[in-house]
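J.: predicted model, plus sequence, below.
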Amino acid sequence: MKDKKYLALYNDIKNRILTGVYDTNEKLPSKRVMADKSGCSVITVESAYSMLEDEGYIFTKERRGYYVMPLERATVTSDEKREKVVPHLPPDPINVERDFEYSVWFKTVRKVISEKDRELFSASPSKGCSVLRNALADYLLRYRGMFAKPENIIVGSGSQQLYEFVVKLLGQNMVYGIEDPSFEYIDSVYTQAGASVCRLKMGKDGIVTSDLQKKKFDVLHVTPFHSYPTGITAPVSKRQEYLAWSQKTGGYIVEDDFDSEFFKPGQPIETLFSLDRSQKVIYVNTFSKSLSPSMRMGYMILPDRLIEEYDRKLERFSCTVPVMDQYILAEFVSSGNFERHLNRQRRKMR
């Protein structure tokens, strides 16, 4: 209680000084008089005066008492004297694009929390938790027919961080060829990461051959399954053309497999990563479309030839995805719930 009285008195005197109730060089009541007026002890007044003096609001004259320090005072309006209320922001809009069985997800959350303890409070390895990288490797082979070794999978907090990793890995001095038109976010991430961008015109089946062959760029960034905003899906012939460019120039390809989980009934279209025989494709995907925009998780798969270089340049960077989120997603994927969710959504899209 004494602490509350001391702080209340301190704030009251400070406000009186700032609003001009106590004028510059005006003598304050003695400690005993202030104690009587405020209904508190002399010790409480002494503590408040001491803090006001320490902060430069008052000063002492030997054997004469406390005086108000000369200060620049702002004019205080009647509205400002009223009790302040923080204006709250309106509720955020709900922008989930696809139906989601929340009960299954929250059941998974409860299962992970009940079965794991110390694991959830451990620091994540820089490339992501092994439990998630193993689950993703199994899922990709089972659902997509892609063979990816867990040690080549890097977990990140969405496509932006993964693109930035690509630039750190391959170099800012490289020119990155991107589809034109493309999602503007891709251009901005590369340029903000310090890289140069070369725009490659889109035709009816993908990047036009003349741009692919004649324009000068070092790394090719493509979204062969579902290019945005054109909606083009590159046929196998165009994908082979992309790979031929890589073999001819020695350049790497960044395959952004956006929206690819929602392929038409039957076998999914083979990825560039699966078709590649030269170890020159970096595969990138996220869960923002397949699960939810709030799921700030993604992953990339590096070819074997880049693992040592990644360790040299990027091993010191921490994984920014919370460990608990990684364990929950790993359980959701390994239990088959993720694939059941995808199959339900694909049936609704027919």
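T.: Cool, got the structure.
J.: quick one: the strands in the chain?
T.: Using DSSP state E, the strands of the chain run over 58-61, 65-68, 153-156, 175-180, 196-201, 219-222, 252-256, 281-286, 298-301.
J.: each with direction, which strands does the last one pair with?
T.: If I follow you right, that is strand 298-301. Here strand 298-301 is paired, per DSSP bridges, with strand 153-156 (antiparallel), strand 281-286 (antiparallel).
J.: what does the fourth one give?
T.: When pairs are called by DSSP bridges, strand 175-180 turns out to pair with strand 196-201 (parallel), strand 219-222 (parallel).
J.: just name the most buried of the ones you listed.
T.: For the strands paired with strand 175-180, the largest average neighbour count (mean count of other Cβ atoms under 10 Å) is found in strand 219-222, namely a mean of 25. From N, CA and C alone the C-beta is placed, and that goes for glycine too.
J.: show me the residue at the heart of the chain, geometrically.
T.: By Cα atoms, centre = their mean, the chain has its centre lying nearest to residue 157, at 5.5 Å.
J.: need the strands paired with strand 175-180 in CSV with mean pLDDT and distance to residue 8, can you?
T.: Listed next are the strands paired with strand 175-180 as CSV, based on pLDDT from 0 to 100; distance: least, Cβ to Cβ, whole Å:
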stretch, mean pLDDT, distance to residue 8
strand 196-201, 96, 60
strand 219-222, 96, 62
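J.: so which of those is nearest residue 261?
T.: Of all these, strand 219-222 sits nearest to residue 261, with 17.7 Å by Cβ to Cβ.
J.: before we move on, the earlier item: wait, which of the strands paired with strand 175-180 is closest to residue 35?
T.: strand 196-201 (71.7 Å).
J.: show me what the closest one is in contact with.
T.: If you take Cβ atoms under 8 Å, 6 or more residues apart in numbering as the criterion, strand 196-201 is touched by 174-180, 187, 190-191, 207-208, 211-212, 215-217, 220.
J.: what do you get for stretch 269-279?
T.: With contact meaning Cβ under 8 Å, 6+ apart, stretch 269-279 is reached by 144-148, 222, 224-225, 233, 236, 239-240, 242-243, 246-247, 253, 255, 257, 260, 263, 281, 283, 301, 303-305.
J.: can I get the CA coordinates of it in PDB?
T.: Written as PDB, here are the backbone C-alpha positions of stretch 269-279 (Å, rounded to 0.1, in the frame of the first residue of the first chain):
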ATOM      1  CA  ILE A 269       2.500 -33.700 -63.000                       C
ATOM      2  CA  GLU A 270       6.100 -34.500 -62.500                       C
ATOM      3  CA  THR A 271       8.100 -31.700 -60.900                       C
ATOM      4  CA  LEU A 272      11.300 -30.300 -62.400                       C
ATOM      5  CA  PHE A 273      13.000 -31.600 -59.300                       C
ATOM      6  CA  SER A 274      12.000 -35.200 -60.200                       C
ATOM      7  CA  LEU A 275      12.800 -34.800 -63.900                       C
ATOM      8  CA  ASP A 276      16.200 -33.200 -63.300                       C
ATOM      9  CA  ARG A 277      19.300 -35.500 -63.700                       C
ATOM     10  CA  SER A 278      21.900 -32.800 -63.300                       C
ATOM     11  CA  GLN A 279      21.300 -31.800 -59.700                       C
END
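J.: what's the average pLDDT for it?
T.: When pLDDT is averaged along stretch 269-279, the result is 90.
J.: repeat for stretch 230-243
T.: Stretch 230-243 comes out at a mean pLDDT of 92.
J.: give me the buried positions along that stretch.
T.: Within stretch 230-243, the residues scored as buried using 16 or more other Cβ atoms under 10 Å are 230, 232, 233, 234, 238, 239, 241, 242, 243.
J.: residue 149 contacts residue 134, correct?
T.: No. Between residue 149 and residue 134 there is no contact under Cβ atoms under 8 Å: 10.2 Å.
J.: could you pull out the helices in the stretch 201-350 of the chain for me?
T.: Assigned by DSSP state H, counting those that start in this stretch, the helices in the stretch 201-350 of the chain fall at 209-214, 236-249, 272-275, 304-314, 323-334, 337-348.
J.: need these in JSON lines with distance to residue 27, can you?
T.: Below are the helices of the stretch 201-350 of the chain laid out as JSON lines (distance: least, Cβ to Cβ, whole Å):
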{"stretch": "helix 209-214", "distance to residue 27": "83"}
{"stretch": "helix 236-249", "distance to residue 27": "84"}
{"stretch": "helix 272-275", "distance to residue 27": "81"}
{"stretch": "helix 304-314", "distance to residue 27": "66"}
{"stretch": "helix 323-334", "distance to residue 27": "60"}
{"stretch": "helix 337-348", "distance to residue 27": "75"}
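J.: wait, which of these is closest to residue 6?
T.: helix 323-334 (42.3 Å).
J.: show me what that closest one is packed up against.
T.: When contacts are defined as 3 or more Cβ pairs under 8 Å, 6 or more residues apart in numbering; DSSP states H and E, helix 323-334 sits against helix 102-115, helix 130-139.
J.: nearest approach to residue 56 belongs to which of the ones you listed?
T.: helix 102-115 (50.8 Å).
J.: buried residues in that closest one?
T.: Buried-residue list, helix 102-115, by 16+ other Cβ under 10 Å: 105, 108, 109, 112.
J.: and the angle from it to helix 130-139?
T.: For helix 102-115 against helix 130-139, the angle by axes from the mean of the first three to the mean of the last three Cα atoms, to 10 degrees is 140 degrees.
J.: next one: helix 102-115 to chain centre, how far?
T.: In terms of Cα atoms, centre = their mean, to the nearest Å, the centre of helix 102-115 is found 23 Å from the chain centre.
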